[in-house]
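Colleague: sequence plus the predicted model coming up.
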Amino acid sequence: MPSQFSRSGCAQLFRKMINNKEHCIHQLLPPEKILPMKLRASNCIFALPQCHYNLYKRSFVLRSLFEDAY
């Protein structure tokens, strides 16, 4: 289980990755979701992909996406 220090570092890196389109790992993000109408508030602006493999589920990008999704 990651410590509080590593969680804050991961959150900071993820925010930098989202806010800077020129960031070297920004291309790993899924596409932004397009909704014709807003039914309820959501923290996640990206389309959440389906996860089929454990290695993919444990990746930094996916873990960060799902952390703030709900």
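Modeller: Thanks, I have it.
Colleague: residues near C44, how many?
Modeller: Neighbourhood size, C44 [other C-beta atoms under 10 Å]: 15. The way it works is simple: take the backbone N, C-alpha and C, and place the C-beta from them, glycine included.
Colleague: equivalent analysis for the one 10 residues further on, please.
Modeller: N54 sits with 7 neighbouring residues when counted by other C-beta under 10 Å.
Colleague: tell me where the model's unsure across the chain.
Modeller: 1-5, 36, 38, 41-43, 68-70 (pLDDT under 70).
Colleague: one more time with 50, if that's ok
Modeller: Regions of the chain meeting the criterion pLDDT under 50 cover residues 1, 70.
Colleague: what segments of it are helices?
Modeller: Using DSSP state H, the helices assigned to the chain run over residues 4-19, 54-57, 60-67.
Colleague: same for the second one, what does it pack against?
Modeller: Right, the one you point to is helix 54-57. Packing partners of helix 54-57 (3 or more C-beta pairs under 8 Å, 6 or more residues apart in numbering; DSSP states H and E): none among the helices and strands.
Colleague: can you give the contact residues for it?
Modeller: C51, L62, R63 (C-beta atoms under 8 Å, 6 or more residues apart in numbering).
Colleague: if any of those residues are buried, put those into a PyMOL selection.
Modeller: Of the contacts of helix 54-57, the buried ones go into a single PyMOL selection, burial set by 16 or more other C-beta atoms under 10 Å:
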select buried, resi 62
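Colleague: okay if I get the contacts of helix 54-57 as a markdown table plus distance to N20?
Modeller: Output for these, formatted as a markdown table (distance: C-beta to C-beta, whole Å):
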| residue | distance to N20 |
| --- | --- |
| C51 | 25 |
| L62 | 19 |
| R63 | 20 |
